[in-house]
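Chemist: Pasting a predicted model and its sequence here:
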Amino acid sequence: MGLDHLVYAVPELEEGVAQVAELAGVAPVEGGPHPGLGTRNFLLGLGGRSYLETIGPDPEQAEPGRPRPFGIDELTGPGLVAWAMAVPSGDLDERVARARDAGHDP
């Protein structure tokens, strides 16, 4: 088990991706749109299988009928909003049970 990815949400996608590229010295690659959610993402490898996901409003999509994920509609600036762990295939139910036993509801 280890880090799968970090989620960096931005209020303006093109500007956010440019900032990540400037800070990292490497340009993220387009991951793609999320139809119906009004978002698009770009990905930047962090080593191994881990990556940074930059996500923001997709200017090519219509406004979604619900709020965008990660509070994107309310953002006043970019920020790290979530992270995801990778678990071995078939091990997810066990990991969820262990997390709940420890008092965390994933």
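Modeler: Thanks, I have it.

Chemist: ok, which stretches of the chain are helices?
Modeler: Ranges of helices in the chain, per DSSP state H, are 13-24, 92-101.

Chemist: need these in CSV with distance to L52, can you?
Modeler: Placement of C-beta: from N, CA and C, glycine included. What follows is the helices of the chain, written out as CSV (distance: least, Cβ to Cβ, whole Å):
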stretch, distance to L52
helix 13-24, 7
helix 92-101, 23
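
Chemist: Turn the ones you listed into a markdown table, columns for mean neighbour count and mean pLDDT.
Modeler: Below are the helices of the chain laid out as a markdown table (neighbours: other Cβ atoms under 10 Å; pLDDT from 0 to 100):
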| stretch | mean neighbour count | mean pLDDT |
| --- | --- | --- |
| helix 13-24 | 15 | 97 |
| helix 92-101 | 11 | 87 |
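
Chemist: So V26 is in contact with L44, correct?
Modeler: Yes - using Cβ atoms under 8 Å, V26 is in contact with L44, at 6.5 Å.

Chemist: follow-up on the earlier one: for R66, find the nearest of the helices of the chain.
Modeler: Among those, the nearest to R66 by Cβ to Cβ is helix 13-24 (18.7 Å).

Chemist: and that closest one, what does it pack onto?
Modeler: Using 3 or more Cβ pairs under 8 Å, 6 or more residues apart in numbering; DSSP states H and E as the contact test, the elements touching helix 13-24 are strand 39-47, strand 50-57.

Chemist: Between the helices of the chain, which one is closest to P33.
Modeler: P33 lies closest to helix 13-24 among these, at 10.5 Å (Cβ to Cβ).

Chemist: got the contact list for that closest one?
Modeler: Helix 13-24 is contacted from outside by 8, 10, 27-28, 40, 42, 44, 52, 54-59, 78, using Cβ atoms under 8 Å, 6 or more residues apart in numbering.

Chemist: which of those residues lies closest to P67?
Modeler: P57 (11.3 Å).
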